[in-house]
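Asks: Quick one, fold the following:
(one chain, ligands or ions: 1)
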Amino acid sequence: MNFLMALIALLAGLAIGKAWERYKLRGGKWIDRRRARESPHYILGLNFLVANQIDLAIEELSRAASLDSDALEVHMILGNLYREKGQVGKAITVHQSLLQRSSLSRLEHAYVLLCLGLDYKRGGFVDRALEAFNEVLRLDPKNEYALINLQKLHEEQHAWTDAYDTRQRLTKLAATDSQPQSQAILAFLENEIGLEAVRRKDYHEATRRFQAAIDLDPRAVPAYLNLGDVRMAQENEKGAAAIWDTLVQVAPDRAYLAFDRIEKLAVLSGNPERFTRLCQRLIGDNPQDWRARLALSRHLAASGRPQEALDLLFAALVQNPHALGIHQAIWRALGQLRHPASLVDRYGELTEHAVFYLDPHVCMRCRYRSTELLWQCPHCHDWNTFVEERIAPAQDATEVEV
Ligand SMILES: [Zn+2]
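Replies: Below you'll find the model as predicted:
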C-alpha cells in the first residue's frame, strides 16, 4: 500500500509543519481548526481508509470536510481518494481549488501540488505532471515522493538521462542502508543510456556506459550482456568472451542469460568444448542448475548426441518439472532417437505429477507474472524484482545425477 504510506507521510508532514496553526481568525472570531479532524466522521473515514473501503471513506471524510471548509488535509485526502477510484477529473478539481487558497504555506503548497501531480500522472497528462513535480521540488528540494514520481515519469518517456539525474538526487537523500539498492537502479539506467548509444552505433559511449553500470553494481547483468555484444560488433571476440566469463563468475544464477551468446561464440571460434565445460562446471557447482543442463543438452543434441542430451534433460526435469522448455527438448531428443519405449516410459514416470505453466517469473513487489525474466516490471515499474517461481520444491537430484 504505497498510497497509504504516502498519505501517512503527508499527514505527518502537515501535523508537524509549523504552518498548521490550531486556531485561525475567521470572520472576526477565532475558530478551532481541529473541528474537522476531531469529528467522528474524520476518524471513521480514516478507519475505512485503512480497511480499504474507499467509498465509505469518501462518504465520511466528505462529511468531516463539510464541517470545516478550511481543513486542508481532509480535502486533500478526499481528492486523493477520488484519484484512487479513477475519478481523475474530480481529483484535479479538488486539488486545483485548494491551490487557489492564498493562505497556503510553502510546504502546504508543495503537498497540494504533489497531489495534483499524481492526479495528472494518473490521468496520463505527462507534461502537466512533470511541471507539477518540478514545481514541488522548487518549493521543497528534498521531496522524495516528487523525485520518485519524476523518475518514473522520465522512465515511462524513455528519457533515461533525466531519469538517471533524478535518481541521483534521490540517492544523495537516501539513507545509507538503501544505497546499494539505489546504486543498482542507477546501474539499470546507465545500461539503458548505453543501449541508446548502441542504437546510434556510438560504441565508444556505449562501452563507457555499460562499464559505468558494472562499476555501480557488479551484478548489473544486462550491462555485461550488452558490453559483450558491443565487443562482438567491434569484432573483439576475445573481449566479449572475457566479459561474459566475468558475468558467469559474479552471477552464476543468471549465467543462463548469456548461454546463447557464449555457445555461439564458442562454436564460431572453433572451440565448442568451451561451452560444454562451462555448463559442466555450473552443474558441478550447483546441482540444482536445470538451465545449465537444458543448455548443455541442446548443445549435445545439435552435435548428434541425443542420448547424452536426454540423460541431462531427465535430470533437469527432476529439478524443475514445470519448465515447458525441458519437455519440448525431451520430445525433440526422443524424436531423434525414434521414441524408444523404455525412454518414453521413463519420461511418463517422471512427469506423472508435474504441473505445466508458461509463466514462471513473478514480480516480488506486485505479483505480475511473465514468461521471461524482466529487468523492469511492466506493472509496478520497479527494477529487478522478478524471481522464478516454482509450484513444488525441486526434488533431490542425486537419484538422476548426471
Ligand atoms: Zn511489479
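
Asks: Could you give the number of residues near the residue in the stretch 51-200 of the chain positioned nearest to the ion?
Replies: Per C-beta to the ion, residue 152 is where the stretch 51-200 of the chain lies closest to the ion, at 12.3 Å. For glycine as for every other residue, the C-beta is placed from the backbone atoms N, C-alpha and C. Look at residue 152: counted by other C-beta atoms under 10 Å, it has 17 neighbours.

Asks: Now it: which helix or strand?
Replies: Taking DSSP states H and E as the definition, residue 152 sits inside helix 144-156.

Asks: Pull out the buried residues from whichever helix or strand comes after that helix.
Replies: Later in the chain than helix 144-156, the nearest helix or strand by DSSP H and E is helix 160-173. For helix 160-173, the neighbour count (16 or more other C-beta atoms under 10 Å) marks 160, 162-164, 166-167, 169-171 as buried.

Asks: right, and the helix or strand after helix 160-173?
Replies: helix 179-199.

Asks: Report the secondary structure state of residue 330.
Replies: With DSSP: H, G, I helix; E, B strand; the rest coil as the basis, the three-state label of residue 330 is helix.

Asks: do residue 387 as well
Replies: strand.

Asks: For it, which non-adjacent residue is closest in space?
Replies: residue 364 (5.7 Å; C-beta to C-beta, 6 or more residues apart in numbering).

Asks: Check the burial of that neighbour by counting its neighbours.
Replies: 14.

Asks: what ranges do the strands span in this structure?
Replies: Using DSSP state E, the strands of the chain run over 23-26, 29-32, 361-363, 369-370, 386-388.

Asks: Can you tell me the strand partners of the last one and which way each runs?
Replies: The sheet places strand 386-388 alongside strand 361-363 (antiparallel), with pairing taken from DSSP bridges.

Asks: and the partner strand, does that touch the ion?
Replies: Yes - against the ion, strand 361-363 shows contacts by C-beta under 5 Å from the ion at residue 363.

Asks: pLDDT of that strand, averaged?
Replies: On average, the pLDDT along strand 361-363 is 90.

Asks: where in this structure is pLDDT low?
Replies: 1-36, 353-359, 390-402 (pLDDT under 70).

Asks: Up against the ion, what does it have?
Replies: 363, 365-366, 368, 377, 379-380.

Asks: Let's see that with 6 Å instead.
Replies: Contact residues (C-beta under 6 Å from the ion) of the chain with the ion: 363, 365-366, 368, 377, 379-380, 382, 385.

Asks: mind listing what the nearest residue to the residue of the stretch 51-200 of the chain closest to the ion once chain neighbours are set aside touches?
Replies: Among residues not flanking residue 152 along the chain, residue 381 sits closest, at 5.5 Å (C-beta to C-beta, 6+ apart). Residues counted as contacts of residue 381 (C-beta atoms under 8 Å, 6 or more residues apart in numbering) are 152, 155-156.

Asks: mind putting these in JSON lines, distance to residue 99 included?
Replies: Shown next, in JSON lines, are the contacts of residue 381 (distance: C-beta to C-beta, whole Å):
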{"residue": "152", "distance to residue 99": "23"}
{"residue": "155", "distance to residue 99": "27"}
{"residue": "156", "distance to residue 99": "25"}
